[in-house]
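> The sequence isn't on hand, but the structure is:
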(Lines give C-alpha, C1' and ligand atoms only; values in the text may rest on other atoms or scores of the structure.)
Protein backbone atom coordinates (compact mmCIF):
# COMPACT_ATOMS: atom_id res chain seq x y z
CA UNK A 1 0.00 0.00 0.00
CA UNK A 2 2.90 2.36 0.79
CA UNK A 3 4.36 1.73 -2.68
CA UNK A 4 1.00 2.37 -4.31
CA UNK A 5 0.63 5.67 -2.44
CA UNK A 6 4.10 6.72 -3.66
CA UNK A 7 3.12 5.85 -7.24
CA UNK A 8 -0.12 7.84 -6.93
CA UNK A 9 1.79 10.84 -5.56
CA UNK A 10 4.21 10.65 -8.48
CA UNK A 11 1.25 10.43 -10.90
CA UNK A 12 -0.35 13.64 -9.63
CA UNK A 13 2.97 15.50 -9.46
CA UNK A 14 3.85 14.47 -13.00
CA UNK A 15 0.50 15.74 -14.31
CA UNK A 16 1.06 19.09 -12.61
CA UNK A 17 4.59 19.31 -13.94
CA UNK A 18 3.83 18.91 -17.64
CA UNK A 19 5.27 21.75 -19.72
CA UNK A 20 4.37 23.32 -23.01
CA UNK A 21 5.72 21.13 -25.78
CA UNK A 22 5.09 17.90 -23.90
CA UNK A 23 1.76 16.09 -23.56
CA UNK A 24 -0.30 18.82 -21.93
CA UNK A 25 -3.02 18.07 -19.34
CA UNK A 26 -5.87 18.85 -21.72
CA UNK A 27 -4.54 16.30 -24.19
CA UNK A 28 -4.11 13.75 -21.43
CA UNK A 29 -7.54 14.22 -19.92
CA UNK A 30 -9.37 14.17 -23.24
CA UNK A 31 -7.25 11.50 -24.89
CA UNK A 32 -6.39 13.43 -28.05
CA UNK A 33 -4.97 11.58 -31.03
CA UNK A 34 -1.37 11.17 -29.89
CA UNK A 35 -0.63 8.07 -31.98
CA UNK A 36 -0.40 7.62 -35.72
CA UNK A 37 -0.05 3.96 -36.57
CA UNK A 38 1.03 2.44 -39.90
CA UNK A 39 -2.10 1.63 -41.89
CA UNK A 40 -4.29 3.76 -39.62
CA UNK A 41 -7.57 4.56 -41.37
CA UNK A 42 -9.69 6.11 -38.60
CA UNK A 43 -9.61 7.42 -35.05
CA UNK A 44 -12.34 7.84 -32.46
CA UNK A 45 -12.08 9.20 -28.92
CA UNK A 46 -14.84 7.89 -26.67
CA UNK A 47 -15.69 8.64 -23.08
CA UNK A 48 -12.98 6.34 -21.79
CA UNK A 49 -11.23 4.69 -24.75
CA UNK A 50 -9.37 5.99 -27.77
CA UNK A 51 -9.95 3.67 -30.72
CA UNK A 52 -7.70 3.45 -33.78
CA UNK A 53 -8.80 1.57 -36.90
CA UNK A 54 -6.02 -0.21 -38.81
CA UNK A 55 -6.49 -1.13 -42.48
CA UNK A 56 -10.27 -1.15 -41.84
CA UNK A 57 -9.72 -4.62 -40.36
CA UNK A 58 -8.33 -4.25 -36.84
CA UNK A 59 -8.90 -1.99 -33.85
CA UNK A 60 -6.36 -0.70 -31.35
CA UNK A 61 -8.29 0.25 -28.22
CA UNK A 62 -6.42 2.36 -25.66
CA UNK A 63 -8.12 2.47 -22.25
CA UNK A 64 -7.40 5.90 -20.79
CA UNK A 65 -7.54 6.94 -17.14
CA UNK A 66 -10.55 9.13 -17.93
CA UNK A 67 -13.73 8.53 -15.98
CA UNK A 68 -17.25 9.40 -17.06
CA UNK A 69 -20.55 9.63 -15.22
CA UNK A 70 -23.99 10.65 -16.48
CA UNK A 71 -22.41 10.53 -19.99
CA UNK A 72 -20.02 13.34 -19.06
CA UNK A 73 -16.23 12.97 -19.03
CA UNK A 74 -15.01 14.22 -15.66
CA UNK A 75 -12.07 16.63 -15.76
CA UNK A 76 -9.51 14.61 -13.75
CA UNK A 77 -7.91 11.23 -14.57
CA UNK A 78 -7.99 8.27 -12.18
CA UNK A 79 -4.56 6.71 -11.67
CA UNK A 80 -4.22 3.21 -13.20
CA UNK A 81 -7.90 3.06 -14.14
CA UNK A 82 -7.07 2.27 -17.77
CA UNK A 83 -4.87 -0.65 -16.80
CA UNK A 84 -7.50 -1.99 -14.39
CA UNK A 85 -10.28 -1.84 -16.98
CA UNK A 86 -8.20 -3.32 -19.76
CA UNK A 87 -6.88 -6.24 -17.76
CA UNK A 88 -10.24 -7.12 -16.19
CA UNK A 89 -11.88 -7.01 -19.64
CA UNK A 90 -9.21 -9.28 -21.15
CA UNK A 91 -9.61 -11.72 -18.25
CA UNK A 92 -13.40 -11.80 -18.59
CA UNK A 93 -13.33 -12.16 -22.37
CA UNK A 94 -11.06 -15.19 -21.99
CA UNK A 95 -13.49 -16.69 -19.45
CA UNK A 96 -16.52 -16.33 -21.73
CA UNK A 97 -15.24 -17.15 -25.21
CA UNK A 98 -16.85 -20.59 -25.05
CA UNK A 99 -20.23 -18.80 -24.87
CA UNK A 100 -19.60 -16.16 -27.51
CA UNK A 101 -16.65 -15.46 -29.79
CA UNK A 102 -15.16 -12.04 -29.06
CA UNK A 103 -13.18 -9.37 -30.86
CA UNK A 104 -9.93 -9.57 -28.82
CA UNK A 105 -6.63 -10.78 -30.30
CA UNK A 106 -4.00 -9.54 -27.86
CA UNK A 107 -3.11 -7.14 -25.03
CA UNK A 108 0.22 -5.63 -26.16
CA UNK A 109 0.39 -3.08 -23.32
CA UNK A 110 -1.25 -2.80 -19.86
CA UNK A 111 -3.98 -0.44 -21.07
CA UNK A 112 -4.20 -1.53 -24.72
CA UNK A 113 -6.26 -4.18 -26.46
CA UNK A 114 -5.95 -5.16 -30.11
CA UNK A 115 -8.61 -7.05 -32.00
CA UNK A 116 -10.90 -7.34 -34.97
CA UNK A 117 -12.99 -4.48 -36.28
CA UNK A 118 -16.63 -5.58 -36.20
CA UNK A 119 -19.84 -4.10 -37.53
CA UNK A 120 -21.49 -3.01 -34.27
CA UNK A 121 -25.11 -3.32 -33.29
CA UNK A 122 -26.07 0.20 -32.25
CA UNK A 123 -27.53 -0.93 -28.96
CA UNK A 124 -26.16 -1.83 -25.55
CA UNK A 125 -27.71 -4.80 -23.79
CA UNK A 126 -28.02 -3.87 -20.13
CA UNK A 127 -28.93 -6.83 -17.95
CA UNK A 128 -30.07 -6.34 -14.35
CA UNK A 129 -30.11 -8.95 -11.61
CA UNK A 130 -30.81 -6.43 -8.84
CA UNK A 131 -32.88 -3.28 -8.48
CA UNK A 132 -30.08 -0.73 -8.44
CA UNK A 133 -28.86 2.40 -10.22
CA UNK A 134 -31.02 3.67 -13.08
CA UNK A 135 -33.59 0.92 -12.48
CA UNK A 136 -33.95 1.93 -8.82
CA UNK A 137 -34.22 5.63 -9.66
CA UNK A 138 -36.98 4.76 -12.15
CA UNK A 139 -38.71 2.51 -9.60
CA UNK A 140 -38.40 5.09 -6.82
CA UNK A 141 -40.07 7.62 -9.13
CA UNK A 142 -43.17 5.41 -9.30
CA UNK A 143 -42.56 3.83 -12.71
CA UNK A 144 -42.76 0.06 -13.06
CA UNK A 145 -41.96 -0.31 -16.76
CA UNK A 146 -38.35 -0.06 -17.89
CA UNK A 147 -37.65 -0.64 -21.57
CA UNK A 148 -40.94 -2.50 -21.76
CA UNK A 149 -39.97 -4.82 -18.89
CA UNK A 150 -42.27 -4.91 -15.85
CA UNK A 151 -40.58 -4.54 -12.47
CA UNK A 152 -42.56 -6.26 -9.68
CA UNK A 153 -44.22 -4.33 -6.85
CA UNK A 154 -42.89 -4.40 -3.32
CA UNK A 155 -39.17 -4.34 -4.01
CA UNK A 156 -36.53 -2.43 -2.06
CA UNK A 157 -33.35 -0.94 -3.46
CA UNK A 158 -30.80 -3.67 -4.30
CA UNK A 159 -33.36 -6.52 -4.07
CA UNK A 160 -32.95 -9.33 -6.58
CA UNK A 161 -35.37 -9.42 -9.50
CA UNK A 162 -37.18 -12.78 -9.81
CA UNK A 163 -35.32 -13.23 -13.10
CA UNK A 164 -32.74 -10.94 -14.73
CA UNK A 165 -34.18 -8.12 -16.84
CA UNK A 166 -32.69 -7.05 -20.18
CA UNK A 167 -33.14 -3.29 -20.53
CA UNK A 168 -31.40 -2.18 -23.73
CA UNK A 169 -30.29 1.33 -24.61
CA UNK A 170 -29.39 3.00 -27.85
CA UNK A 171 -25.66 3.50 -28.32
CA UNK A 172 -25.22 7.23 -28.85
CA UNK A 173 -22.07 8.53 -30.56
CA UNK A 174 -22.57 11.74 -28.56
CA UNK A 175 -24.76 12.74 -25.64
CA UNK A 176 -26.93 10.40 -23.62
CA UNK A 177 -27.80 6.80 -24.42
CA UNK A 178 -31.57 6.31 -24.38
CA UNK A 179 -33.68 3.44 -23.06
CA UNK A 180 -35.38 1.50 -25.83
CA UNK A 181 -37.99 -1.26 -25.82
CA UNK A 182 -37.57 -4.60 -27.56
CA UNK A 183 -40.20 -3.94 -30.23
CA UNK A 184 -38.55 -0.63 -31.12
CA UNK A 185 -35.19 -2.33 -31.74
CA UNK A 186 -36.66 -4.51 -34.45
CA UNK A 187 -38.95 -1.77 -35.81
CA UNK A 188 -36.04 0.65 -36.21
CA UNK A 189 -33.87 -1.96 -37.87
CA UNK A 190 -31.22 -1.99 -35.13
CA UNK A 191 -31.40 -5.80 -35.27
CA UNK A 192 -33.59 -8.34 -37.02
CA UNK A 193 -36.00 -10.39 -34.94
CA UNK A 194 -33.70 -13.42 -35.23
CA UNK A 195 -30.63 -11.38 -34.32
CA UNK A 196 -32.39 -9.84 -31.33
CA UNK A 197 -33.41 -13.27 -30.06
CA UNK A 198 -29.81 -14.46 -30.32
CA UNK A 199 -28.50 -11.31 -28.62
CA UNK A 200 -30.87 -11.87 -25.69
CA UNK A 201 -29.83 -15.51 -25.33
CA UNK A 202 -26.14 -14.61 -25.40
CA UNK A 203 -26.68 -11.79 -22.91
CA UNK A 204 -28.37 -14.03 -20.36
CA UNK A 205 -25.73 -16.76 -20.80
CA UNK A 206 -22.90 -14.25 -20.37
CA UNK A 207 -24.59 -12.74 -17.32
CA UNK A 208 -24.96 -16.18 -15.77
CA UNK A 209 -21.25 -16.83 -16.32
CA UNK A 210 -20.41 -13.42 -14.91
CA UNK A 211 -22.48 -14.17 -11.79
CA UNK A 212 -20.70 -17.50 -11.35
CA UNK A 213 -17.27 -15.89 -11.66
CA UNK A 214 -18.28 -13.16 -9.20
CA UNK A 215 -19.76 -15.65 -6.74
CA UNK A 216 -16.53 -17.66 -6.72
CA UNK A 217 -14.81 -14.51 -5.43
CA UNK A 218 -17.45 -13.58 -2.84
CA UNK A 219 -19.20 -11.01 -5.03
CA UNK A 220 -22.65 -10.49 -6.55
CA UNK A 221 -22.82 -9.20 -10.13
CA UNK A 222 -25.81 -6.86 -9.78
CA UNK A 223 -25.98 -5.52 -13.32
CA UNK A 224 -23.79 -5.08 -16.37
CA UNK A 225 -23.89 -4.35 -20.09
CA UNK A 226 -22.74 -6.06 -23.25
CA UNK A 227 -22.01 -4.77 -26.73
CA UNK A 228 -22.14 -7.00 -29.79
CA UNK A 229 -21.16 -6.76 -33.41
CA UNK A 230 -20.86 -8.95 -36.48
CA UNK A 231 -17.65 -10.39 -37.87
CA UNK A 232 -17.85 -12.32 -41.13
CA UNK A 233 -21.60 -12.58 -40.62
CA UNK A 234 -21.32 -14.01 -37.10
CA UNK A 235 -22.39 -12.30 -33.87
CA UNK A 236 -19.39 -11.56 -31.64
CA UNK A 237 -18.87 -9.87 -28.29
CA UNK A 238 -17.17 -6.48 -28.40
CA UNK A 239 -15.58 -3.93 -26.06
CA UNK A 240 -15.15 -4.53 -22.31
CA UNK A 241 -17.20 -6.85 -20.11
CA UNK A 242 -17.69 -7.22 -16.36
CA UNK A 243 -15.49 -4.23 -15.48
CA UNK A 244 -16.31 -1.64 -12.78
CA UNK A 245 -17.20 0.82 -15.54
CA UNK A 246 -19.75 -1.49 -17.13
CA UNK A 247 -20.97 -3.37 -14.05
CA UNK A 248 -22.00 -3.15 -10.42
CA UNK A 249 -20.78 -5.66 -7.88
CA UNK A 250 -21.93 -6.19 -4.28
CA UNK A 251 -20.02 -7.99 -1.54
CA UNK A 252 -21.91 -11.24 -0.99
CA UNK A 253 -20.96 -11.64 2.67
CA UNK A 254 -23.67 -10.02 4.78
CA UNK A 255 -25.79 -9.02 1.76
CA UNK A 256 -29.02 -10.59 3.04
CA UNK A 257 -28.53 -9.20 6.54
CA UNK A 258 -27.96 -5.69 5.23
CA UNK A 259 -31.06 -5.95 3.03
CA UNK A 260 -33.18 -7.11 5.97
CA UNK A 261 -31.99 -4.15 8.06
CA UNK A 262 -32.38 -1.65 5.24
CA UNK A 263 -28.67 -0.85 5.34
CA UNK A 264 -26.55 0.30 2.41
CA UNK A 265 -24.88 -2.49 0.50
CA UNK A 266 -21.12 -2.70 0.13
CA UNK A 267 -20.50 -2.35 -3.56
CA UNK A 268 -17.57 -2.32 -5.95
CA UNK A 269 -18.34 -0.21 -9.02
CA UNK A 270 -18.24 3.40 -10.04
CA UNK A 271 -21.74 3.94 -8.66
CA UNK A 272 -20.13 5.56 -5.61
CA UNK A 273 -18.73 8.22 -7.99
CA UNK A 274 -22.23 8.90 -9.34
CA UNK A 275 -23.56 9.11 -5.78
CA UNK A 276 -20.82 11.60 -4.84
CA UNK A 277 -21.65 13.71 -7.89
CA UNK A 278 -25.37 13.69 -7.08
CA UNK A 279 -24.60 14.68 -3.48
CA UNK A 280 -22.70 17.62 -4.97
CA UNK A 281 -25.63 18.63 -7.23
CA UNK A 282 -24.35 17.20 -10.49
CA UNK A 283 -26.23 14.78 -12.75
CA UNK A 284 -24.94 15.92 -16.14
CA UNK A 285 -27.86 18.27 -16.72
CA UNK A 286 -27.52 21.56 -18.65
CA UNK A 287 -26.15 24.36 -16.51
CA UNK A 288 -24.62 22.03 -13.91
CA UNK A 289 -20.89 22.20 -13.16
CA UNK A 290 -18.76 19.20 -12.28
CA UNK A 291 -17.61 19.62 -8.65
CA UNK A 292 -13.88 19.84 -7.96
CA UNK A 293 -12.23 16.48 -7.23
CA UNK A 294 -9.39 16.58 -4.70
CA UNK A 295 -6.25 14.44 -5.03
CA UNK A 296 -7.41 12.49 -1.99
CA UNK A 297 -10.76 11.72 -3.64
CA UNK A 298 -9.08 10.70 -6.89
CA UNK A 299 -6.78 8.37 -4.93
CA UNK A 300 -9.86 6.88 -3.23
CA UNK A 301 -11.50 6.20 -6.60
CA UNK A 302 -8.28 4.60 -7.88
CA UNK A 303 -8.06 2.40 -4.80
CA UNK A 304 -11.65 1.22 -5.30
CA UNK A 305 -10.90 0.22 -8.90
CA UNK A 306 -7.80 -1.64 -7.78
CA UNK A 307 -9.78 -3.35 -5.01
CA UNK A 308 -12.23 -4.74 -7.53
CA UNK A 309 -9.40 -5.92 -9.78
CA UNK A 310 -7.83 -7.85 -6.92
CA UNK A 311 -11.17 -9.22 -5.80
CA UNK A 312 -12.43 -10.41 -9.18
CA UNK A 313 -9.09 -11.55 -10.62
CA UNK A 314 -7.84 -12.99 -7.35
CA UNK A 315 -4.33 -11.58 -7.82
CA UNK A 316 -2.39 -8.61 -6.49
CA UNK A 317 -2.62 -5.60 -8.79
CA UNK A 318 0.79 -4.58 -10.15
CA UNK A 319 0.80 -0.97 -11.41
CA UNK A 320 2.64 -0.74 -14.73
CA UNK A 321 4.02 2.56 -15.94
CA UNK A 322 4.67 2.07 -19.65
CA UNK A 323 5.40 5.37 -21.40
CA UNK A 324 3.75 6.45 -24.62
CA UNK A 325 6.75 5.63 -26.82
CA UNK A 326 7.09 2.11 -25.47
CA UNK A 327 3.34 1.59 -25.81
CA UNK A 328 3.53 2.70 -29.44
CA UNK A 329 6.45 0.33 -30.15
CA UNK A 330 4.65 -2.64 -28.59
CA UNK A 331 1.48 -1.97 -30.58
CA UNK A 332 3.32 -1.58 -33.90
CA UNK A 333 5.35 -4.73 -33.30
CA UNK A 334 2.14 -6.69 -32.71
CA UNK A 335 0.42 -5.13 -35.71
CA UNK A 336 3.33 -6.23 -37.88
CA UNK A 337 2.57 -9.87 -37.04
CA UNK A 338 -1.01 -9.65 -38.33
CA UNK A 339 -1.91 -10.63 -41.90
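Yep, that arrived. These numbers come from a predicted model, not from an experiment.
> Look at residue 226 and tell me its secondary structure.
strand (DSSP: H, G, I helix; E, B strand; the rest coil).
> That one and residue 323, how far apart?
33 Å (C-beta to C-beta, to the nearest Å). (Each C-beta comes from the backbone N, C-alpha and C, glycine too.)
> Next: residue 102.
Residue 102 is 29 Å from residue 323, by C-beta to C-beta.
> which one of these two has more residues nearby?
residue 102 (24 against 8; other C-beta atoms under 10 Å).
> contacting residues for the more buried one?
93, 96, 115, 236, 237, 238 (C-beta atoms under 8 Å, 6 or more residues apart in numbering).
> need those in JSON lines with pLDDT, neighbour count and secondary structure, can you?
What follows is the contacts of residue 102, written out as JSON lines (pLDDT from 0 to 100; neighbours: other C-beta atoms under 10 Å; DSSP: H, G, I helix; E, B strand; the rest coil):
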{"residue": "93", "pLDDT": "98", "neighbour count": "23", "secondary structure": "helix"}
{"residue": "96", "pLDDT": "98", "neighbour count": "21", "secondary structure": "helix"}
{"residue": "115", "pLDDT": "98", "neighbour count": "20", "secondary structure": "strand"}
{"residue": "236", "pLDDT": "98", "neighbour count": "20", "secondary structure": "strand"}
{"residue": "237", "pLDDT": "98", "neighbour count": "24", "secondary structure": "strand"}
{"residue": "238", "pLDDT": "96", "neighbour count": "25", "secondary structure": "strand"}
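> Show me which positions of stretch 120-130 end up buried.
Neighbour-count burial for stretch 120-130, counted by 16 or more other C-beta atoms under 10 Å, picks out 121, 123, 124, 125, 126, 127, 128, 129, 130.
> ok, those vs residue 199, which is closest?
Residue 199 lies nearest to residue 125 out of these, by C-beta to C-beta, at 6.1 Å.
> Does the closest one lie in a helix or a strand, and which?
Assessed by DSSP states H and E, residue 125 sits inside strand 123-130.
> Which other helices and strands does the next helix or strand after that strand contact?
Sequence-wise, the next helix or strand downstream of strand 123-130 (DSSP H and E) is helix 134-140. Using 3 or more C-beta pairs under 8 Å, 6 or more residues apart in numbering; DSSP states H and E, the elements in contact with helix 134-140 are strand 145-146.
> Distance from stretch 302-314 to the middle of the chain?
14 Å (C-alpha atoms, centre = their mean, to the nearest Å).
> buried set for it?
Buried residues in stretch 302-314 (16+ other C-beta under 10 Å): 302, 303, 304, 305, 306, 308, 309, 312, 313.
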